[in-house]
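Q: fold the stuff below for me.
(one chain, ligands or ions: 1)
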Amino acid sequence: MAVIQVGGLRKSYGDVIAVDGMEFAVERGELYGFLGPNGAGKTTTIRALTGQLRPDRGTVRVLETDPAAEPIETRRRVGILPEQQSPPSFLTPREYLEFVGDVRDIEPERVAAQTDAWADRLGFESKLDTLHTDLSRGQQQKVMITQAFLHEPDVVFIDEPLANLDPLVQEQVKRFLVSYAAGDNAVFVSTHNIDVAEDICTRVGIVADGRIVTERSLEDGDDGSLLEVFLDRVTGADVRDAPSLDGLESELEV
Ligand SMILES: Nc1ncnc2c1ncn2[C@@H]1O[C@H](COP(=O)(O)OP(=O)(O)OP(=O)(O)O)[C@@H](O)[C@H]1O
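A: Here you go, the predicted structure:
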């Protein structure tokens, strides 16, 4: 049974139609990639899925709950790593994670154990008691990843999970996401990065103009690379006319 379900979703901001006719479903065990260019409607969809905005039309269900009707309950049960969000500058990672644990009703001992495990996994043990204002962007991103998984949620929404991380930590986070999804959870990753989607996702939905234009399972070896499908469905370009795939690919990784 699907733990994330979106049907006929529409959301506009004034005259701008950000999402229209968005449809997809994600089941436990899937690492679903939401891949699309700037302005395709990815963040708007995630905000509808996490109870941060009310759709104009359509159905949104997360763990069988309507996030617009029960935003607090939804946010308690899922993990969210929003795009470009930083932990509070006036707190240390340890204080912030204690605060997050408190809001989510997690036992303090479990919060402490999870904090130590994540600090060890991502290598920020020495920064646990340093104010966020004195941490690098990458170190702050590690704290944000930790808060999303602190309560070991069944469903996690992540916007650009690898932003600001060095290559070694990127590999660790990628491996963690794959194993977390395989443990009967659903991980939903929004990204521009075709390589990352191809590397870790079990299935990818390609988003353009506010809806999914095609979906690809990456487990059963669908024909063609994701880049070719992306170019064909999003830009209408024939990849054989392209002078260099590498050049195009880096252009797409905004
Ligand atoms: N608060 C807002 N007010 C007006 N228009 C908005 C607002 N938020 C988003 N939009 C518009 O809605 C469309 C979809 O935006 P959205 O942020 O959902 O795209 P996205 O796929 O997440 O893009 P990116 O990859 O650049 O983050 C864009 O045209 C954007 O300009």
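Q: what does the chain have sitting close to the ligand?
A: By C-beta under 6 Å from any ligand atom, the part of the chain that sits against the ligand consists of Tyr13, Val16, Ala18, Gly36, Asn38, Gly39, Ala40, Gly41, Lys42, Thr43, Thr44, His192. Just so you know, the C-beta spots here come from the backbone N, C-alpha and C atoms, and that holds for glycine as well.
Q: redo that, cut-off 8 Å
A: Residues of the chain that fall close to the ligand, judged by C-beta under 8 Å from any ligand atom: 13-14, 16-19, 36-47, 83, 159, 190, 192, 207, 210, 254.
Q: doesn't Gly210 make contact with Pro37?
A: No. Counting by C-beta atoms under 8 Å, Pro37 stays clear of Gly210, with 11.8 Å between them.
Q: more neighbours: these two, which one.
A: Using other C-beta atoms under 10 Å, the more surrounded residue of Pro37 and Gly210 is Gly210, with 23 against 16.
Q: quick one: that one and Ile17, what's the gap?
A: Remark: distance between Gly210 and Ile17 (C-beta to C-beta, to the nearest Å) = 6 Å.
Q: okay, and the beta partners of the residue positioned nearest the centre of the chain?
A: Centroid-nearest residue in the chain, with C-alpha atoms, centre = their mean: Ile158, separated by 1.8 Å. Counting by DSSP bridges, Ile158 forms beta bridges with Leu81, Val189.
Q: list the contacts for it?
A: Listed by C-beta atoms under 8 Å, 6 or more residues apart in numbering, the contact partners of Ile158 are Gly79, Leu81, Ala148, Leu177, Val187, Phe188, Val189, Ser190.
Q: okay, now the unreliable bits of the stretch 1-150 of the chain?
A: For the stretch 1-150 of the chain, not a single residue meets the criterion pLDDT under 70.
Q: pick out the residue of the stretch 151-254 of the chain closest to the ligand.
A: Proximity to the ligand, evaluated over the stretch 151-254 of the chain using C-beta to the nearest ligand atom, is greatest for His192 at 5.9 Å.
Q: what's the neighbour count on that residue?
A: Counted with other C-beta under 10 Å, residues neighbouring His192 total 16.
Q: cool, and the one 4 residues further on?
A: Taking other C-beta under 10 Å as the neighbour definition, Val196 ends up with a count of 21.
Q: show me what contacts it?
A: By C-beta under 8 Å, 6+ apart, the residues touching Val196 are Gly33, Pro161, Leu162, Lys174, Val189.
Q: switch to 10 Å and redo it
A: By C-beta atoms under 10 Å, 6 or more residues apart in numbering, Val196 lies in contact with Gly33, Leu35, Glu160, Pro161, Leu162, Gln170, Val173, Lys174, Leu177, Val189, Glu253.
Q: look up phi and psi at it.
A: phi -60, psi -40 (degrees, to the nearest 10).
Q: the helices in the stretch 151-254 of the chain, which residues?
A: Taking DSSP state H, counting those that start in this stretch as the criterion, the stretch 151-254 of the chain carries its helices at 167-182, 194-200, 226-230, 245-252.
Q: now the third one: mean pLDDT?
A: For helix 226-230, mean pLDDT rounds to 78.
Q: roughly how far does Asp134 sit from the ligand?
A: Using C-beta to the nearest ligand atom, to the nearest Å, one gets 28 Å for the distance from Asp134 to the ligand.
Q: right, I mislabeled it, should have said Thr50
A: 13 Å.
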